[in-house]
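K.L.:
Got a sequence here, can you model it:
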Amino acid sequence: MSLLRSALMALPLITGLTMTSCSSENSGLPANFETRLVPVAEGYSETSVNAVIFRRNSLVTHKNNQFIAFYDDQGRVVLGKRQLDEDRWQLHTSEYEGNVTDAHNSISIAVDGDGYLHISWDHHNNPLNYARSLEPGGLRFGEPEQLGEASAGHTVTYPEFYRMPDGDLLFMYRHGWSGDGVQVLHRYDVESRSWELLHEQLIDGQGEVNPYWQTTIDDSGTLHLSWNWRSHAGVESNHDLAYARSRDGGITWERSDGEPYNLPITPETAEYALRIPENSSMMNQTSMAADSRGKPYIAGYWTPEGSDIPQYHVVYHDGESWQVTRAGELTQPFTLTGGGTMAPPISRPQIAVEHTDGRERVYLFFRAEERGNRVSVAICDDLDSDEWYIGDLTDMSVDAWEPAFDTELWRRDNKLHLYVQKVGQDDHERAVEMDPQMVYVLEWER
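P.N.:
Numbers count the residues shown, from 1 in each chain. Purely as a prediction, here's the structure:
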């Protein structure tokens, strides 16, 4: 049966869950899981530009409409929309294009409280590419805009949108270069339909390092931010894990104990959730989540001391102090060195936290060569127990894919929809030969 025919049938693809733990005690997970792959269209696949973890977002829901964005095989930005209870997508190939041979140059989208779609695309140390839809719910855009005079002259990398509970948007990006950059933060006001620069130097490596961050917003609207530092262009210089939060939409910032920061945050003033040395194969820009109490969780991977095998870890604050736990047990050794997009045998992990049955359940989505490069998930009901159930959500390989899910749908309805596409990638920004591959939305019913 052809891939396309299989996709159109949207077959369930869940395999059995197994527990990786010294204990055989069952922690009460549901017995049945079902997934469904909803096809969208074929997209560019010779690099991982459509499926890198720092897309915020690749998939986003507003009311009953779900939106998606990806590059086609010509490098053109394709935008799509569907109703959540339907499988048919309305697609529009825009006039925007990107350098798809560089996996940094991904697309990020968001929908504001009035229903306007915002998009930023094609960035790796170049001027801002940003636009807003012509009408609420629309897929057509006008001319690219600047975020006022504040964004003029910035060299932009890693643009990310985050929607606040009141419908405003936050927009972050790096200005500068690897090893010498700062984090910039803007806020979009729905009422005035305008952008304001909140911080041109929220985090500043002072010319010696630059931050690579991950962010989440909890149910109360608190913005949680964590990052590692990098000393130069080589990934081997990634080190440490720092933290800050904002309770007023990004204006003022504080440590986990409530002590205010004087901005910008620097290596000397940052709160460190965990010290991780250089040459630990620590990958930058992973993911964060917050639980029902507003406690932050940071997911990532690095090589523990005395080992040559990088492992997934979750660093979390229990209300009193920072804790760290290993998520499962990987068996494949590798070392990260050099610059540019890499092709390691595992993806960066995406984390989600759900309050259920009086406890916080942690989900870690990933892809690992040792599991056949399938879409996989690790689940833990009690981080103190170190019991993780590991399962595969597809029976097909997704090659160099990294996980991203519809954060707004998860926040609102506790439904998990992941962007899935088989993509290739070679080390140091090299593409591979691969035909365009189908873009899917993986719907996971738990």
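K.L.:
didn't residue 164 look like it was pressed against residue 218?
P.N.:
No - checked against C-beta atoms under 8 Å, the pair residue 164 and residue 218 is beyond contact range at 11.3 Å. Quick note: C-beta positions are derived from backbone N, CA and C, even for glycine.
K.L.:
chain center to stretch 284-301: distance?
P.N.:
11 Å (C-alpha atoms, centre = their mean, to the nearest Å).
K.L.:
measure that stretch end to end?
P.N.:
Taking C-alpha to C-alpha, to the nearest Å, stretch 284-301 runs 9 Å from one end to the other.
K.L.:
ok so, going back, just want to know which of residue 164 and residue 218 has more residues nearby.
P.N.:
For residue 164 versus residue 218, the count of surrounding residues by other C-beta atoms under 10 Å is larger for residue 218: 21 against 18.
K.L.:
how far away is that one from residue 56?
P.N.:
Applying C-beta to C-beta, to the nearest Å, the value for residue 218 to residue 56 is 16 Å.
K.L.:
Kindly report the same for residue 325.
P.N.:
Residue 325 is 25 Å from residue 56, where distance means C-beta to C-beta.
K.L.:
and if you look at residue 173?
P.N.:
As judged by C-beta to C-beta, residue 173 and residue 56 stand 10 Å apart.
K.L.:
Need the residues touching each of the two.
P.N.:
Between them, residue 173 and residue 56 share these contacting residues under C-beta atoms under 8 Å, 6 or more residues apart in numbering: residue 160.
K.L.:
can you give me the strands in the stretch 251-400 of the chain?
P.N.:
Remark: strands assigned in the stretch 251-400 of the chain by DSSP state E, counting those that start in this stretch are 271-274, 287-290, 296-302, 311-317, 322-326, 350-356, 359-366, 376-380, 388-392.
K.L.:
Any chance of CSV for these, columns distance to residue 414, mean pLDDT and mean neighbour count?
P.N.:
Shown next, in CSV, are those (distance: least, C-beta to C-beta, whole Å; pLDDT from 0 to 100; neighbours: other C-beta atoms under 10 Å):
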stretch, distance to residue 414, mean pLDDT, mean neighbour count
strand 271-274, 26, 98, 17
strand 287-290, 13, 98, 24
strand 296-302, 16, 98, 25
strand 311-317, 20, 98, 22
strand 322-326, 23, 97, 15
strand 350-356, 6, 95, 20
strand 359-366, 11, 95, 22
strand 376-380, 14, 96, 24
strand 388-392, 18, 93, 21
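K.L.:
Save those as TSV, and put in distance to residue 134 too.
P.N.:
Below are the strands of the stretch 251-400 of the chain laid out as TSV (distance: least, C-beta to C-beta, whole Å):
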stretch	distance to residue 134
strand 271-274	43
strand 287-290	32
strand 296-302	37
strand 311-317	42
strand 322-326	46
strand 350-356	32
strand 359-366	34
strand 376-380	38
strand 388-392	41
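K.L.:
List the contacts of residue 94.
P.N.:
Residues counted as contacts of residue 94 (C-beta under 8 Å, 6+ apart) are 76-79, 139-141.
K.L.:
ok, of those, which come out buried?
P.N.:
76-79, 139, 141 (16 or more other C-beta atoms under 10 Å).
K.L.:
excluding its backbone neighbours, what's nearest residue 378?
P.N.:
Nearest non-adjacent residue to residue 378, counting by C-beta to C-beta, 6 or more residues apart in numbering: residue 364, 4.2 Å away.
K.L.:
wait, the one you found sits on residue 353?
P.N.:
No - using C-beta under 8 Å, residue 364 is not in contact with residue 353; the gap is 10.1 Å.
K.L.:
who touches both of those two?
P.N.:
Contact criterion C-beta under 8 Å, 6+ apart; no residue bridges residue 364 and residue 353 by contacting each.
K.L.:
Against residue 267, how distant is residue 208?
P.N.:
As judged by C-beta to C-beta, residue 208 and residue 267 stand 7 Å apart.
K.L.:
between those two, who's got more neighbours?
P.N.:
Looking at residue 208 and residue 267 with other C-beta under 10 Å, you find the greater number of neighbours at residue 267, namely 17 against 13.
K.L.:
dump the residue contacts of that one.
P.N.:
With contact taken as C-beta under 8 Å, 6+ apart, residue 267 is in contact with 205-206, 208-209, 229.
K.L.:
just residue 403 next, same as before
P.N.:
Applying C-beta under 8 Å, 6+ apart to residue 403 gives the contacts 53, 347-350, 365-367, 375, 418.
K.L.:
and if we set it to 10 Å?
P.N.:
For residue 403, the residues meeting the contact criterion (C-beta atoms under 10 Å, 6 or more residues apart in numbering) are 51, 53, 287, 347-352, 364-367, 375-377, 393, 418-420, 442.
K.L.:
Only alpha carbons, please: show stretch 183-197 as PDB.
P.N.:
What follows is stretch 183-197, C-alpha atoms only, in PDB (Å, rounded to 0.1, in the frame of the first residue of the first chain):
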ATOM      1  CA  GLN A 183      17.600  37.900  23.600                       C
ATOM      2  CA  VAL A 184      15.000  40.400  22.400                       C
ATOM      3  CA  LEU A 185      11.400  40.500  23.600                       C
ATOM      4  CA  HIS A 186       8.400  42.300  22.000                       C
ATOM      5  CA  ARG A 187       4.700  42.300  23.000                       C
ATOM      6  CA  TYR A 188       1.800  42.600  20.600                       C
ATOM      7  CA  ASP A 189      -1.300  44.500  22.000                       C
ATOM      8  CA  VAL A 190      -4.500  43.100  20.500                       C
ATOM      9  CA  GLU A 191      -6.500  46.200  21.200                       C
ATOM     10  CA  SER A 192      -4.200  48.600  19.500                       C
ATOM     11  CA  ARG A 193      -2.900  46.000  17.000                       C
ATOM     12  CA  SER A 194       0.600  47.200  17.500                       C
ATOM     13  CA  TRP A 195       4.000  45.900  18.800                       C
ATOM     14  CA  GLU A 196       6.000  47.300  21.700                       C
ATOM     15  CA  LEU A 197       9.600  46.500  22.500                       C
END
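K.L.:
how about it: buried residues?
P.N.:
Applying a neighbour-count criterion of 16+ other C-beta under 10 Å, the buried positions in stretch 183-197 are 183-188, 190, 195.
K.L.:
same question, stretch 168-188
P.N.:
In terms of neighbour count (16+ other C-beta under 10 Å), stretch 168-188 has its buried residues at 168-176, 178-188.
K.L.:
returning to what we had before: quick check, nearest of the buried ones among the contacts of residue 94 to residue 88?
P.N.:
Lowest distance from residue 88 to the buried ones among the contacts of residue 94 (C-beta to C-beta) belongs to residue 139, with 14.3 Å.
K.L.:
What score does that closest one have for pLDDT?
P.N.:
Among the per-residue scores, residue 139 holds a pLDDT of 98.
K.L.:
Would you mind confirming that it is in contact with residue 96?
P.N.:
No - here residue 139 does not reach residue 96: they are 11.8 Å apart, not a contact under C-beta atoms under 10 Å.
K.L.:
Please enumerate the shared neighbours of those two.
P.N.:
Overlap between the neighbourhoods of residue 139 and residue 96 consists of 69, 78-79, 119, taking contacts as C-beta under 10 Å, 6+ apart.
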